[in-house]
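**Q** Okay, structure incoming, though there's no sequence with it:
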């Protein structure tokens, strides 16, 4: 008889069965993927935090904030999901659906992505 890869209990049933239950299968796979998922989870957490900060400075779909204001809230300029370049060459850095454009004097225009940006 084969034994469960997670709890080592004898398995009854099909010959190719590896786990005694869905619980053991999920537990085993979560342990296997823990390290790989941790990296992705940390990046996604950082992106979500950036998005939340941009959202709070952009209540009406548009806003302006100083770099120091963003940094105090915990914004990290190294993390963004994509870059949108306008016809004039301006670059908006987006965290999902909220983006920012560098202006003069360390200020940033903050926008919510609309249909005009695809």
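**A** Good, I have the coordinates. These numbers were taken from a predicted model, which means no experiment stands behind them.
**Q** And what about the spatially most central residue of the chain, helix, strand or coil?
**A** Against the mean C-alpha coordinate of the chain, by C-alpha atoms, centre = their mean, the closest residue is residue 44 at 2.1 Å. Classification of residue 44 using DSSP: H, G, I helix; E, B strand; the rest coil returns helix.
**Q** same question, residue 101
**A** Under three-state DSSP, residue 101 comes out as strand.
**Q** packing partners for the helix or strand of the chain with the lowest mean pLDDT?
**A** When the helices and strands of the chain are scored by mean pLDDT, DSSP states H and E, helix 22-56 comes last with a mean of 91. With contacts taken as 3 or more C-beta pairs under 8 Å, 6 or more residues apart in numbering; DSSP states H and E, helix 22-56 sits against helix 67-73, strand 91-95, strand 98-102. Heads up, the C-betas are built off the backbone N, CA and C, glycines and all.
**Q** Point out the most buried one among the ones you listed.
**A** Mean neighbour count (mean count of other C-beta atoms under 10 Å) peaks for strand 98-102 among the helices and strands packed on helix 22-56, with a mean of 22.
**Q** Identify all contacting residues around stretch 66-81.
**A** Contact with stretch 66-81 is made by 43, 46-47, 49-50, 53-54, 56-57, 93-96, 105-108, as judged by C-beta atoms under 8 Å, 6 or more residues apart in numbering.
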